[in-house]
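Asks: Okay, predicted coordinates and the sequence, questions at the end:
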Amino acid sequence: MDKKIVSSKTSQLLKTLSLTESKETVKEDQNKGRLVEKGVQKIEKQSQTIAISLNLKDRQKIREVSMWFAAQGIKVSDSMIVRCALKIITPNKGLIDVYHQARALDQRVKRHS
């Protein structure tokens with residue numbers, strides 16, 4: 001009988017805590033059952049893993065940007081650096097020029113004589 005009282009009290013306490021948290025700071029995502037911060041709009045439901053080939057200079061640049069973020073007190077992943085860069089890219093002539101430079105360095109591309 002003690003177990004029933006304890007579990008009843010525990011479940012009541014958990015219910016109270018979950019209601020309190022969801023009102024103040026978080027809400028439950030209906031699709032996944034995850035907690036999501038209020039005011040944060042979900043853009044995509046799930047990330048997708050892809051493979052990207054980077055040469056030494058590209059990896060050094062990502063490391064440089066990562067160190068800059070660290071100096072600002074922000075710990076950031078390489079993936080987040082690439083995502084940030086994609087958000088500030090503007091399609092224009094300069095992007096085409098950079099593409100040609102990157103393609104010239106890409107050793108995976110077959111060159112026809």
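Replies: Happy to help now that I have it.
Asks: And the strands in this protein, which stretches?
Replies: 26-28, 35-37 (DSSP state E).
Asks: Now the weakest link among the ones you listed, please, by mean pLDDT.
Replies: With a mean of 50, strand 26-28 has the lowest mean pLDDT of those.
Asks: count of residues packed around residue 53?
Replies: Neighbourhood size, residue 53 [other Cβ atoms under 10 Å]: 8. All C-beta spots, glycine's among them, are computed from the backbone N, C-alpha and C.
Asks: Next: the one 5 residues further on.
Replies: As a burial measure, the neighbour count of residue 58 was computed by other Cβ under 10 Å and equals 14.
Asks: The one 4 residues further on too?
Replies: The burial count assigned to residue 62 is 18, neighbours taken as other Cβ under 10 Å.
Asks: With the one 10 residues further on instead?
Replies: Using other Cβ under 10 Å as the criterion, residue 72 is surrounded by 7 other residues.
Asks: cool, and residue 59?
Replies: Residue 59, neighbours per other Cβ under 10 Å, totals 11.
Asks: Same question for residue 102.
Replies: The burial count for residue 102: 12, using other Cβ under 10 Å.
Asks: roughly how far apart are it and residue 52?
Replies: 12 Å (Cβ to Cβ, to the nearest Å).
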